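# Here's my sequence, what's the structure:
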Amino acid sequence: MDNTTALIDFHGHYNAENWFASPDAPGKNLVKIHPLLADLAGQLAEIEQAGIDVRVLSAPASMLTAPGQPLPPERMARVNDGLAQLVAEHPGHLLALATIDAFQGDRAAREVERAVQSLGMGGICVDCAQGDSLLDQPEARPTFEAAAALGIPVFVHPVSPAGLTERLARLGHTGILLARGTEDAASLLALMQSGIFDVLPELHIVFPMIGAAALLFAGMADLEYEQKRDWPGTRPALLRQRLYVDTMGFDPAALRFVIELLGVEHVLLGSDWPIMPMTTRSQIATKLAALKLNDAEQALIMGGNTRRLLSIN
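From the prediction side, this is the model:
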């Protein structure tokens, strides 16, 4: 990897104390475990030391309110105003995805438009589920329509599903990630089955590596597509090629899988830091070297694909 290549981390989090909508918001407990989550100065110092040039901040709605509860619209607007202010205060170092509670119908779509057109944000972050609702529900459609019309990506962020998370927690943090990734994959499959990609050809969906099971099962779903025709529109194995995935975990074997399936143009550097461990520039270089990608392909993953999706000059 060329040492001059700009590294852009698409998947990073920050939660300000006044953004939480309820005292039992999951993000409050995460801040106790990971203090850097609410320490922007500390984050900036560590990413500089790690050699990361730009971080894309996000504050998923599920981290800010009680599990399964909507994020109040005024709080959603406050978070997005705060994120936009942070980007303005640290040009060249920070970008941000607007926090959108996609399950609020037209109200959510209006906030998408405000965040992009008034605040200058280049993408949005939505939860993959809220309670029993996945993103194929009618109330989420206006958010996707607004994103497609504006030409911005939608980061589908995992949530912790009730029941499954508790069952798998005995496996430690990896078990919790498995539960969250399963919910994310289920929501992505629901989106592919809904026909939304045929209706909205400009829709760009990004998800973290822990939801990669969606790619595997989209291929298996072709059997249903061929036998029952239960899936409207394009066959799921082709629809999965419309998706983008980040490098969360940075496992070379997992990266080979998604690159083979989607191509390097659909893989973005993303860490989930500071919740997950930081990956430094030198570590990234070592891991990419194992994939035997050429310089141009490495540059796409490290920042080029994010630049294109977020329309960064």
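
# host element of the nearest residue to residue 217 once chain neighbours are set aside?
Excluding its sequence neighbours, the residue lying closest to residue 217 (C-beta to C-beta, 6 or more residues apart in numbering) is residue 189, at 5.9 Å. For every residue, glycine as well, the C-beta is placed using N, CA and C. Assigned by DSSP states H and E, residue 189 belongs to helix 173-194.

# try residue 56
strand 54-58.

# Mind giving me the packing neighbours of the following helix or strand past that strand?
Beyond strand 54-58 on the C-terminal side, the first helix or strand identified by DSSP H and E is helix 61-64. Helices and strands touching helix 61-64, by 3 or more C-beta pairs under 8 Å, 6 or more residues apart in numbering; DSSP states H and E, are helix 26-33, helix 73-89, strand 124-127.

# Please compute how far helix 61-64 lies from its chain's middle.
13 Å (C-alpha atoms, centre = their mean, to the nearest Å).

# Kindly reformat the helices and strands packed on helix 61-64 as CSV and extend each row with mean neighbour count, distance to residue 312 and mean pLDDT.
Listed next are the helices and strands packed on helix 61-64 as CSV, based on neighbours: other C-beta atoms under 10 Å; distance: least, C-beta to C-beta, whole Å; pLDDT from 0 to 100:
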stretch, mean neighbour count, distance to residue 312, mean pLDDT
helix 26-33, 16, 27, 94
helix 73-89, 18, 11, 98
strand 124-127, 27, 16, 98
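
# quick one: buried residues of stretch 156-169?
Buried residues in stretch 156-169, defined by neighbour count with 16 or more other C-beta atoms under 10 Å: 156, 157, 158, 159, 160, 161, 164, 165, 168.

# Select from those residues every entry located in strands.
Of those, the ones assigned to strands by DSSP state E are 156, 157.

# will you turn the buried residues of stretch 156-169 into a markdown table that also has distance to residue 5 and pLDDT?
Listed next are the buried residues of stretch 156-169 as a markdown table, based on distance: C-beta to C-beta, whole Å; pLDDT from 0 to 100:
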| residue | distance to residue 5 | pLDDT |
| --- | --- | --- |
| 156 | 27 | 98 |
| 157 | 26 | 98 |
| 158 | 28 | 98 |
| 159 | 33 | 98 |
| 160 | 35 | 97 |
| 161 | 37 | 97 |
| 164 | 39 | 97 |
| 165 | 37 | 97 |
| 168 | 37 | 97 |
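
# and which of the buried residues of stretch 156-169 is nearest to residue 85?
residue 157 (21.5 Å; C-beta to C-beta).

# what residues are up against the closest one?
Taking C-beta atoms under 8 Å, 6 or more residues apart in numbering, we find residue 157 in contact with 58, 60, 62, 125, 126, 127, 128, 184, 207, 208.
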